[in-house]
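Peer 1: sequence and computational prediction follow.
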Amino acid sequence: MTTTTDLGELTGDYVLDTARTRIGFGARAALVTTVRGRFEGFEGSARLDGDDPAASAVRLTIRADSLRTGNRRRDGHLRGGDFLDVGSHPVITFTSTGVTPAGGSRFTVTGDLTVHGVTRPVRVDVRLTDARAEPRGGFRAGFRATATVHRKDWGVGPRGALIADKVTLEFDVVALRH
């Protein structure tokens, strides 16, 4: 892994490399295990400013019906009216409202997360994991990020469900600048 020592090299407009990016989640279920899943349909862009991270911005749109946990029945239940209600709320979106350096290659990204038709502020902890010129031109930046949300804050899932209120969102992102 090669990371840039000059964050200024990151400056530019990026799109997510959807083939190399993973957007996932994990939540305790039935107090015994953690259910993990991912979203397979998404797109995103970023305007990064390595010299002035506060001038950076990120947008992400996820197709809610692309949720996968490895269990079709559970996927159908999570996509249904009790949880994501993808028929009425087909997308999940995140739009950054601020970027703050958190030391070294770490950043705190704040933004508005819209799930199930409800928009609430969230904080995402981000770490730059890779930055390099691509062999065929362009530039690639890799990031790992996590956020913890409480699903009930977005009206997701019934009270008393066998899944925990706290959900961890996990992002392994590759972004490309051309």
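Peer 2: Cool, the structure landed.

Peer 1: count of residues packed around A102?
Peer 2: 14 (other Cβ atoms under 10 Å). Quick note: C-beta positions are derived from backbone N, CA and C, even for glycine.

Peer 1: give me the element R73 is part of.
Peer 2: helix 72-79 (DSSP states H and E).

Peer 1: do the same with L84
Peer 2: If you go by DSSP H and E, L84 is not part of any helix or strand.

Peer 1: so what's it up against?
Peer 2: 64, 67, 78, 92, 115-116, 156 (Cβ atoms under 8 Å, 6 or more residues apart in numbering).

Peer 1: where in the chain is pLDDT low?
Peer 2: Scanning the chain for pLDDT under 70 picks out the ranges 1-5, 31, 159-161.

Peer 1: that one: strands as residue ranges?
Peer 2: 12-16, 22-29, 33-39, 42-48, 57-63, 67-68, 91-101, 106-115, 118-133, 139-150, 166-177 (DSSP state E).

Peer 1: in the helix holding R73, what's buried?
Peer 2: 74-75, 77-79 (16 or more other Cβ atoms under 10 Å).

Peer 1: could you check the angle it makes with strand 22-29?
Peer 2: Per axes from the mean of the first three to the mean of the last three Cα atoms, to 10 degrees, the angle that helix 72-79 makes with strand 22-29 is 90 degrees.
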